[in-house]
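[1] make a model of this:
(4 chains)
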There are 2 protein chains.
Amino acid sequence: MLELSFNQETVHKLLQASDKPLKAYNILFETQKLGIKSPTQVYRALDKLIELGKVHKIESKNAFVACSKINCSNQNSTFFLICDTCENIIELEDQKITDQLNKTCEQYGSKYKNHTIEISGTCSDCN
Amino acid sequence: MLELSFNQETVHKLLQASDKPLKAYNILFETQKLGIKSPTQVYRALDKLIELGKVHKIESKNAFVACSKINCSNQNSTFFLICDTCENIIELEDQKITDQLNKTCEQYGSKYKNHTIEISGTCSDCN
DNA sequence: CATGTAATGTTATATTATTACATTAATAAA
DNA sequence: TTTATTAATGTAATAATATAACATTACATG
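    A predicted model of the protein is given here:
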């Protein structure tokens, strides 16, 4: 799996070109001119891209963004600042937060696998 | 708004009685015998309960849990440990994490409003 | 008891996501 | 280079999640 397939590449490029998270059906509409025809195709591409760490799902918005790092693994300390006003999104890493979460998990005897961390607010431009 | 309405109470009680997050349509099926008839009614009750801090939405699962504290406000430091295996969920608060997140927001000039923090893994019983 | 707000009931529909199954492409092992 | 295997595709149908719209009823409070 060195290279992305056509559908994967198409979806990935669209996400990379966007400064906001995109919803699956918006991705579908945008890529229909390029040959993608059904939701299934979009979701399959997204699944793969997420697995590869090239795309993240924003759970609180049911939307998807291209990874802004080189390539995230699932085990990363990634989290998001999301602007309520302009929908801009910043992807961040902070080992301190992940360490703290790990510590908490240990206290409860839980084995940490991965996380969703999404902060809503207003970005510097909007407040 | 001292007391919950019938629909709100019905949905709240069901969630309180459950040790797992419940999905909206499961709530609907369970409460149909009690008089609730449509998705709208369930979602309306959930919206209100969330607003009151009596229920939380688990974004990564599109499911809902009763707040295990007295009553969370939205500004709380709440987060969740979710077991992938048994679906058990633990609601926690940790001011340190929230402080850290706030600090990060400040660095980016963002104004923190609220957050979604969901940790997946396996609980002490399942690992 | 009038008035405004909150909640309800009901129907329809929008949005998000998956299943199922047949086919084609790509990879790599014999 | 054929064959086996895995990955990706195409297509249609449908499941699961959530909201819109509008008419009505309950209810707090001034």
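
[2] would you confirm that residue A:28 belongs to a helix?
    Yes. Per DSSP: H, G, I helix; E, B strand; the rest coil, residue A:28 lies within a helix segment.

[3] assign the nearest residue to it once chain neighbours are set aside to helix, strand or coil.
    In this structure, residue A:28 finds its nearest non-sequential neighbour in residue A:42, 4.9 Å apart by C-beta to C-beta, 6 or more residues apart in numbering or on different chains. Every C-beta, even on glycine, is put in place using the N, C-alpha and C of the backbone. Assigned with three-state DSSP, residue A:42 falls in the helix class.

[4] and residue A:42, how far from residue A:26?
    Separation of residue A:42 from residue A:26 (C-beta to C-beta, to the nearest Å) stands at 9 Å.

[5] spatially nearest residue to the most centrally placed residue in chain A (excluding sequence neighbours)?
    Chain A has residue A:56 as the residue nearest its centroid, 1.6 Å off, counting by C-alpha atoms, centre = their mean. Closest residue in space to residue A:56, ignoring its immediate chain neighbours: residue A:65 at 5.5 Å, by C-beta to C-beta, 6+ apart.

[6] near DNA strand C at all, stretch A:43-53?
    Yes. Stretch A:43-53 is in contact with DNA strand C by C-beta under 7 Å from any atom of the strand, via residue A:43.

[7] thinking again about what came up before, how about the secondary structure of the residue nearest to the centre of chain A?
    Criterion first, three-state DSSP; result for residue A:56: strand.

[8] I'd say it and residue A:78 touch.
    Yes. At 6.8 Å, residue A:56 and residue A:78 qualify as touching, with contact defined as C-beta atoms under 8 Å.

[9] how is chain A divided into domains?
    Using automatic domain parsing, the domain parsing of chain A gives A:6-66, A:78-121.

[10] and the shortest one, how far from the chain's centre?
    When you say that, I think you mean domain A:78-121. 13 Å (C-alpha atoms, centre = their mean, to the nearest Å).

[11] just the mean pLDDT for it, thanks.
    The pLDDT scores in domain A:78-121 average 92.

[12] mind checking the end-to-end distance for it?
    17 Å (C-alpha to C-alpha, to the nearest Å).

[13] do it and DNA strand C meet?
    No. Domain A:78-121 stays clear of DNA strand C (C-beta under 7 Å from any atom of the strand), getting no nearer than 12.6 Å.

[14] is DNA strand D contacted by that domain?
    No. When contact is scored as C-beta under 7 Å from any atom of the strand, no part of domain A:78-121 falls within range of DNA strand D; the minimum is 14.0 Å.
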